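Undergrad: Just need the structure, nothing else, for what follows:
(one chain, ligands or ions: 1)
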Amino acid sequence: MSSATDQRNVGVGLNHGGATVKGFVQKACSPDRPLNDSLEGELQAFLTNEDQLHTYDDLTKVNPVTPTTVLKCLQARYSVKVFYTNAGCTLVALNPFQPIPDLYSLDVMKEYHCAPQPQESKPHIFIVAEEAYRNVQGQVEPVNQSLVVSGESGAGKTWTSRCLMKYYATVAASSSVVKSQGTVERIEKRVLDSNPIMEAFGNACTLRNNNSSRFGKYIQLQLDRCQMLVGASVQTYLLEKTRVACQLANERNFHIFYQMMKGATEEQKKEWMMPQGQHFAWLPNVEKTIEEDCFQETVEAMVHLGIDTERQRQIFRILAGILQLGNVNFCSSADESHLCNLEEQSKESMQRAAELLLVPAVELQSCLTVRMLKAGKQSVLKPCSQAECSVRRDCLAKTIYAQLFEWLVTFINNSICADQSTWCNFIGVLDVYGFECFQINNLEQLCINYANEKLQQHFVAHYLRAQQEEYVSEGLEWSFVKYQDNQRCLDLLEGSPISVFSLLNEESRLNRASDAQTFRIRLEKELCDNANISWDKFSKEPHFTVAHYAGKVNYQIQGMVEKNKDPVPPELIGLLQKADNPLLQQIFADKESDNSPTKGLSKVTVVSKFKNSLESLMKILHNTTPHYTRCIKPNPDCKPLTFKKEEVIMQLEACGIVETIHISAAGFPIRIPFKSFIQRYGLIRPKYSKLNSGTPSVDAEADSVDASQEVEELLRMVLQYQTFEKQSSLVHCGRTKVFLTQLMLDLLEGQRGKILSQCAFSIQCCWLRFQRRRRHVRQQSATLIQAAVRSWLVRKQVKRWNRAASVIQSTWRKWTAALKSLAEAELDDAKDMVEEEEIPPLNPVIRERGSVQLSSIPEPVTVRGWPMGLALASAPSITVSLTATGFQKMMSVMASLNLPSRKGEYKVETNQYTQGVASIRAQPKGSVKLHCQRSPLLYADRKPGKKTEVTGFNEILLEKTL
Ligand SMILES: Nc1ncnc2c1ncn2[C@@H]1O[C@H](COP(=O)(O)OP(=O)(O)OP(=O)(O)O)[C@@H](O)[C@H]1O
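TA: Numbering: from 1, shown residues only. Below is the predicted model:
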């Protein structure tokens, strides 16, 4: 490691544990110390037990903690195919460089998700994921979480980020669906589908990694109140756009170009003017096939995210246009006043590029070969030199690609981002490009390594420095552990007023031709005081060397200032704005050249833009609870299951893993102020929290003492079954805060959860009881109401019936009386008429089913004679041949009398065949008997009525036979 790296060593020494603060003993630690005899002995003793080395799940249990013991343990675990190891607050992930079956399966996810104490399971990236997820539920400030995945290029950061996203997409899967451009998808699927698109457009095959991310990303997974994934957003950092037009030997361009070449159909290739076997200058190593060359997967992901076929066509045409631009070369011009012509074989490529981008070919060529100079309000056109033409061509391609990438990221965000009101917490996953050190390094590597420095600083500041400083201020006995602070390196790069970046920006903003050698001299003069920068005096190439936390890197100065300016000629922007390709129009609609030479000192340089975006990232990280995962690349050749000690030890040292283990072994990563602690865990005690009573004491110190006593009491309750040593290794009370290990936090959360579920159970019981009672009361009331209504209805009905009955009775009585009197009157009249030889009026016969009582008939009626039927029916036996007999006779009697012929209800008797019907009896309730003495009944089918005239009826005798 660089000697220039600042070695913070505040009170180096050992704390062998005896410190007892408020009843809890701080765990003994064994930080770095000179390798004396006893340590050498310990080391030997530890290493002789080789068979056991792979069993160390947590490197804090290794004793002594030295780079060698840590390395040996990791190697032993790697050899038995165990790839994850805890190193205190960080997780070390070794890259197996081959898929391991069942290491990331659904069952494994569920196992970790459902584990009551995931920390007690075997180390895994899913434990980190689950811890963060539970922290969000725990609501201990800061609630939002960040998963920082770091490591060098090819160490497995992107893989790990993908695993984390898959984990959350599984365990936090919600039922929410999103719609866009006519497609409806589950949100988790969309979030996962953003990966293949971004990797296709932002990753490339490099010397160190076949799938190297050429941009940084911070993915924010948005969770709702129920901890369900409802959306996500992606923030990207500095795409390495120079790769579009310039690739190092044995490296490739972005994956998407190769995917198009290899995966498109013949028809598509025809449309994109990419005939089989055509050579593209910007597609080197096309013969190398890697698993990321999967066009179909990218297209499917595009469809799922809502990029329709037409949009895809526009995107691929633009990409094909860029490839054609790469084949455009210029001849040198005769002199400065002449335009550079195209090389003969480039003319077709220029034509094709123009066709694919849908811009006029003449204008495209003129934009690439003629520069517009502004002098005040006047503009002058000046032919470009051959080199300038090439730069402008590259610039056009880079600008288009970078803007297309930006558009894609915005599209993805629109497609997966949830409405602000629907989510309340988030878990962020940070995957930035790893530390890079090539033979030739330029501005891209400077930015990438600067980003890694910033992340390391965050780790140092958050974990190594702040944590130790806090132990001291909180009154814990603590001996500082040495750690490498990269602050001086950061001061060198970004400090104020003078730093590499400030000088670079100054040089870029001054509108003068940049000379690499002059700039090197400037750097040397201004920054010679900083031990992190050096120069090789004998090197011919102007350069500077920076001692990063991960190693020294030589940066070439040539071209750096120009790259920092990143000028885009306004003519190019104007041309793209006029393009007939709707996507190009949209992308460049409101763009103006940021870095036009006219902007002077206000110019936004690459470095200043990148610095600003990293600053905002750091702000997010500071406001979230970080979880670190250190990915380690076990060999430089990406060979499966090959462990190179030298390679690994360099990475372990670079990320300060040994110091981290020391501090973690002795420290308590979770710190919660007393008040928050009591607020959250006070319910564990039956009669809890004076602080919660809401009467703040005037004396803050007394308050703090009270709170600390209360906290201690509470902790004692939770830890009552633990040994004293165990207690002290789990928790510690400071002056204002409680210091906890993750295990203790889980214990507390477990207790809290238990009590909450008891409370929930009680509430549920009460609620159920209340509901039961309410239901019972309601039922009773309903019964009462029903009974009342029914009795009212019955009473009403009975009243109606009574009224009806009395009406019927009185009518009946009236009618029977009328009939009776009529009958009597008829009988009287008949007698009189017999005497006087006159035909009496006919009395109508009553047709009634029940028994009929004919009583007195008040008015006399006229009897006229017999109806024909009756006359025939009652004809003498001598006329039998002419009339009916037996049953027929009876039927005709009944028909004549209009009596219903119902079987069994009436009985008709003819007792005097010579005289006619003798009687008709209703059965069984009663019968009507009609007695005819001398003549058949005339008009016997008539109803009795006041106005009826009855004649011809000699004698009717009606009697009630009940
Ligand atoms: N856990 C794993 N299991 C199997 N293979 C893995 C694992 N992690 C990484 N790899 C392999 O290592 C390769 C490199 O990993 P990855 O792309 O994640 O590296 P990186 O750290 O993101 O690199 P860069 O910084 O260049 O983007 C992957 O393509 C994959 O083949």
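
Undergrad: I figured residue 541 hits residue 556, correct?
TA: Yes - with contact defined as Cβ atoms under 8 Å, residue 541 and residue 556 form a contacting pair (6.0 Å). Every residue, glycine included, has its C-beta placed from N, CA and C.

Undergrad: out of the two, which sits in the busier spot?
TA: Taking other Cβ atoms under 10 Å, residue 541 and residue 556 do not tie; residue 556 has more neighbours (20 against 13).

Undergrad: Which residues does the more buried one form beta bridges with?
TA: On the basis of DSSP bridges, residue 556 is bridged to residue 543.

Undergrad: Distance check, residue 810 against the ligand.
TA: As for residue 810, its distance to the ligand is 104 Å (criterion: Cβ to the nearest ligand atom, to the nearest Å).

Undergrad: what's the burial count for that residue?
TA: Other residues lying near residue 810 total 10 when counted by other Cβ under 10 Å.

Undergrad: Can you tell me the SS state at it?
TA: helix (DSSP: H, G, I helix; E, B strand; the rest coil).

Undergrad: That one and residue 816: what is the separation?
TA: 11 Å (Cβ to Cβ, to the nearest Å).

Undergrad: Low-confidence stretches in the stretch 451-600 of the chain?
TA: For the stretch 451-600 of the chain, applying pLDDT under 70 flags the ranges 466, 478-482, 513-514, 592-600.

Undergrad: the helices in it, which residues?
TA: 466-473, 487-494, 500-509, 516-527, 560-565, 570-577, 582-588 (DSSP state H, counting those that start in this stretch).

Undergrad: and of those, who's closest to residue 240?
TA: When the helices of the stretch 451-600 of the chain are compared by Cβ to Cβ, helix 560-565 sits nearest residue 240, at 10.9 Å.

Undergrad: Just the C-alphas of the closest one, formatted as PDB.
TA: Provided in PDB are the C-alpha atoms of helix 560-565 (Å, rounded to 0.1, in the frame of the first residue of the first chain):
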ATOM      1  CA  MET A 560      -7.300  14.800 -20.800                       C
ATOM      2  CA  VAL A 561      -8.200  18.400 -21.000                       C
ATOM      3  CA  GLU A 562     -10.000  18.000 -24.300                       C
ATOM      4  CA  LYS A 563     -11.900  15.100 -22.900                       C
ATOM      5  CA  ASN A 564     -12.800  17.200 -19.900                       C
ATOM      6  CA  LYS A 565     -14.200  19.900 -22.200                       C
END
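
Undergrad: how about that helix: buried residues?
TA: For helix 560-565, the neighbour count (16 or more other Cβ atoms under 10 Å) marks 560-565 as buried.

Undergrad: got the helices of the stretch 451-600 of the chain as TSV, with distance to the ligand columns?
TA: Converted to TSV, the helices of the stretch 451-600 of the chain look like this (distance: least, Cβ to the nearest ligand atom, whole Å):
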stretch	distance to the ligand
helix 466-473	27
helix 487-494	20
helix 500-509	22
helix 516-527	28
helix 560-565	20
helix 570-577	30
helix 582-588	26
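
Undergrad: Tell me which of those sits nearest to residue 317.
TA: Of the helices of the stretch 451-600 of the chain, nearest to residue 317 by Cβ to Cβ is helix 582-588, at 8.6 Å.

Undergrad: Let me see the residues that make contact with that closest one.
TA: 311, 314-315, 318, 357-358, 400, 403-404, 406-407, 573, 576-577, 579 (Cβ atoms under 8 Å, 6 or more residues apart in numbering).

Undergrad: Please apply the same query to stretch 402-418.
TA: 176, 178, 180, 187, 190-191, 194, 197-198, 201-202, 215, 222, 224, 230-234, 236, 239, 241, 305-307, 315, 318-319, 583, 586-588, 591.

Undergrad: List only buried entries from the residues you listed.
TA: Buried among the contacts of stretch 402-418 (16+ other Cβ under 10 Å): 178, 180, 187, 190-191, 194, 197-198, 201-202, 215, 222, 224, 230-234, 236, 239, 241, 305-307, 315, 318-319, 583, 587-588.

Undergrad: Keep only those of those that are in helices.
TA: 187, 190-191, 194, 197-198, 201-202, 305, 315, 318-319, 583, 587-588 (DSSP state H).

Undergrad: ok, now which ones touch residue 113?
TA: By Cβ under 8 Å, 6+ apart, the neighbours of residue 113 are 126, 130, 133, 171.

Undergrad: quick one: which helix or strand includes the second one?
TA: When you say that, I think you mean residue 130. helix 125-138 (DSSP states H and E).

Undergrad: What residues of that helix count as buried?
TA: Buried, per 16+ other Cβ under 10 Å, within helix 125-138: 125-136, 138.

Undergrad: Write out the residues of the stretch 601-750 of the chain neighbouring the ligand.
TA: residue 631 (Cβ under 6 Å from any ligand atom).

Undergrad: Repeat that for the chain.
TA: So far as Cβ under 6 Å from any ligand atom goes, the chain lies against the ligand at 95-100, 151, 153-159, 209-213, 433-434, 631.

Undergrad: how does it look with 5 Å?
TA: 95-96, 153-159, 209, 211-213, 433-434 (Cβ under 5 Å from any ligand atom).

Undergrad: Most widely separated two among those residues?
TA: Among the residues of the chain next to the ligand, 96 and 433 lie farthest apart (Cβ to Cβ), at 21.2 Å.

Undergrad: These two: who's more crowded?
TA: Legend: neighbour count by other Cβ under 10 Å for residue 96 and residue 433, higher for residue 433 (27 against 18).

Undergrad: In three-state terms, label the closest residue to the more buried one other than its chain neighbours for me.
TA: When the adjacent residues along the chain are set aside, residue 433 lies closest to residue 448, with 4.8 Å between them (Cβ to Cβ, 6 or more residues apart in numbering). With three-state DSSP as the basis, residue 448 sits in helix.

Undergrad: Quick one: residues contacting residue 448.
TA: Residue 448 sits next to 238, 432-436 when contact means Cβ under 8 Å, 6+ apart.

Undergrad: Adding pLDDT as columns, could you present these in CSV?
TA: Below are the contacts of residue 448 laid out as CSV (pLDDT from 0 to 100):
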residue, pLDDT
238, 89
432, 85
433, 83
434, 80
435, 83
436, 85
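
Undergrad: between those residues, which is nearest the ligand?
TA: Set against the ligand, the nearest of those by Cβ to the nearest ligand atom is residue 434 (3.6 Å).
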